[in-house]
Structure formats: C-alpha cells, structure tokens
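Undergrad: Need coordinates for the following:
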Amino acid sequence: MAFWAQQAALLTDVLTSNKALAATTDHLEEEKLRLDALLVRQYNLINVLDGSAGRTHGTTSDGSATSKEDITLGAYG
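TA: So this is what the prediction gives:
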C-alpha cells in the first residue's frame, strides 16, 4: 500500500513540474517574440541612421545580412 502512495506522490510531483515547465516555456516564447521585434526595430533604426541608400536590401556593403530574417532564419532556411 505504501508503494502505491509513493507512486501517487511521485506522479503528482512530475505533473506539477510539467505544468511549471510548460508555463516557463510559454513565457520564454513570448519573451523571444518581444526581443525579435526589438531586434527588427533596432536594425531598422540602424539602417535609417546609417543612410543605407544605394545598398541592396538586407545586406551590407560586404554582403553580410542586416535584416532580422536574414540573421535569425538564414542559418536555418
């Protein structure tokens, strides 16, 4: 009988930990979205302040990426 009680307690602990992990994952995903938006705004501001007229959109004069999509997704796409 003690075995079943111990198993039930362990299962409850695992389920509680899984719920906490899911909540943390959701929070981190939301934070990532906010930070990605901030990164895009910063690159846009850099482009405006840099006077990037005459450049190819999304690249610098040395060919490196400047847009958020090129930087964050370029390695995966």
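
Undergrad: Low-confidence stretches in this structure?
TA: Flagging of the chain using pLDDT under 70 yields the residue ranges 52-77.

Undergrad: show me where it has helices.
TA: 2-50, 68 (DSSP state H).

Undergrad: now those as JSON lines including mean neighbour count?
TA: C-betas here are computed from N, CA, C, even on glycine. Output for those, formatted as JSON lines (neighbours: other CB atoms under 10 Å):
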{"stretch": "helix 2-50", "mean neighbour count": "10"}
{"stretch": "helix 68", "mean neighbour count": "19"}
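
Undergrad: so how far is Gln6 from Thr16?
TA: Distance from Thr16 to Gln6, counting by CB to CB, to the nearest Å: 16 Å.

Undergrad: then stretch 21-36 to CSV, C-alphas only?
TA: Output of stretch 21-36 as CSV, limited to C-alpha atoms (Å, rounded to 0.1, in the frame of the first residue of the first chain):
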residue,chain,number,x,y,z
LEU,A,21,7.8,23.8,-17.3
ALA,A,22,5.0,24.4,-19.8
ALA,A,23,4.3,27.8,-18.2
THR,A,24,8.0,28.7,-18.3
THR,A,25,8.2,27.6,-21.9
ASP,A,26,5.2,29.8,-22.8
HIS,A,27,6.8,32.8,-21.0
LEU,A,28,10.1,32.3,-22.8
GLU,A,29,8.4,32.1,-26.2
GLU,A,30,6.6,35.4,-25.5
GLU,A,31,9.8,37.0,-24.5
LYS,A,32,11.5,35.7,-27.6
LEU,A,33,8.8,37.3,-29.8
ARG,A,34,9.3,40.6,-28.0
LEU,A,35,13.0,40.5,-28.3
ASP,A,36,12.8,39.6,-32.0
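
Undergrad: what sits up against stretch 21-30?
TA: Residues outside stretch 21-30 that contact it (CB atoms under 8 Å, 6 or more residues apart in numbering): none.
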